[in-house]
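**Q** Sharing a sequence plus its predicted fold:
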Amino acid sequence: NCIYLYFLFTVKKNEVECLIRIFHSLVERADVRLDNIGLDRNAFQVIPHRIFGMTDDVLMNRVFFAFDKDNDNLINVKEWVKGLSVFLRGTFEEKLKFCFEVYYLNGDSYISREKIFDMLKNSLHQQSPEEETDEGVTELVDITLKNMDYDNDGKLSFEDFEKAVKEDRLLLEVFGPCLPEAKVQHQQAKNPSPSSFNTIHYSVPS
């Protein structure tokens, strides 16, 4: 019941119940620790890949840790419902905070120059594996910081990121896609039922 109340204003009660059923179905098919039931990285990454078409393994690893709030390397049912509520019905503010968390990932709440470099290099590699160079990526980092680092401290705070994204919403996923595409998100949000997740059921190791 506390889970239902916690997410009442984001996801409807019947949708929460459905997500919980899906969670337990996935756990039953995955090889998890009996002392702390949840989805590990391998089991979890099937969902963004198969259902939401998100295939960047580097970013999906970061998404996993953004879901995993207690840092135990497993996504429990509360983390599962909360994370998917942002995926399926999140407000712009929730998505903004989620993306920033994915990008700074277990750091000091800043996106450093080094992290920007790594993420942009990975993003470019996904698009054109043979064309990116360190020099070209460094130039993009400089351009990014020039346009987003409002306090000129050489890194991006949440305040920097929020201001830049609110001025240009296309910057929301500037360092790589970490949210489902709008059309896929809309489709799943309309019907987050077990049948809509059936493709997962056969993909999780048993």
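**A** Arrived safely, thanks for sending. Numbering: from 1, shown residues only.
**Q** going forward, measure contacts between C-alpha atoms and count neighbours the same way
**A** Will do.
**Q** I'd assumed Asp118 was in contact with Phe175.
**A** No: with contacts counted by Cα atoms under 8 Å, Phe175 stays clear of Asp118, the gap being 9.2 Å.
**Q** Looking at these two, which has the bigger crowd around it?
**A** Neighbours of Phe175 and Asp118, each counted by other Cα atoms under 10 Å, are more numerous for Phe175; the result is 23 against 16.
**Q** Outside of the helix or strand encompassing Ile116 itself, list whatever touches it.
**A** Assigned by DSSP states H and E, Ile116 falls within helix 113-127. Under the criterion Cα atoms under 8 Å, 6 or more residues apart in numbering, residues 56, 58, 103-104, 131-132, 134, 137-138, 140-141, 154-155, 175-176 lie in contact with helix 113-127.
**Q** Highest neighbour count among those?
**A** Neighbour max across the contacts of helix 113-127 (other Cα under 10 Å) = Tyr103, 26 neighbours.
**Q** neighbours around the residue lying closest to that residue once chain neighbours are set aside, how many?
**A** Counting by Cα to Cα, 6 or more residues apart in numbering, Tyr103 lies nearest to Ile111, which is 6.6 Å off, once chain neighbours are set aside. Neighbourhood size, Ile111 [other Cα under 10 Å]: 22.
**Q** shift numbering so it begins at 106
**A** New numbering, starting at 106: the last item is Ile216.
**Q** I figured Ile216 was touching Tyr209, is that so?
**A** Yes: counting by Cα under 8 Å, Ile216 touches Tyr209, with 4.8 Å between them.
**Q** ok so, going back, quick one: pLDDT of the residue nearest to Tyr208?
**A** On pLDDT, Ile216 comes in at 96.
**Q** Let me see the backbone angles for the residue nearest to the spatial centre of the chain.
**A** Nearest to the mean C-alpha position of the chain, by Cα atoms, centre = their mean, lies Val168 at 3.6 Å. Backbone dihedrals for Val168, given as degrees, to the nearest 10, come out at phi -60, psi -40.
**Q** Lys260 too?
**A** According to degrees, to the nearest 10, Lys260 has phi -160, psi 170.
**Q** quick one, what contacts the nearest residue to it once chain neighbours are set aside?
**A** Counting by Cα to Cα, 6+ apart, Ser217 is the residue found nearest to Lys260 once chain neighbours are left out, at 4.7 Å. Counting by Cα under 8 Å, 6+ apart, Ser217 touches 209, 259-261.
**Q** what's the closest of the contacts of helix 218-232 to Arg126?
**A** The shortest approach to Arg126 among the contacts of helix 218-232 belongs to Asp161, at 26.8 Å (Cα to Cα).
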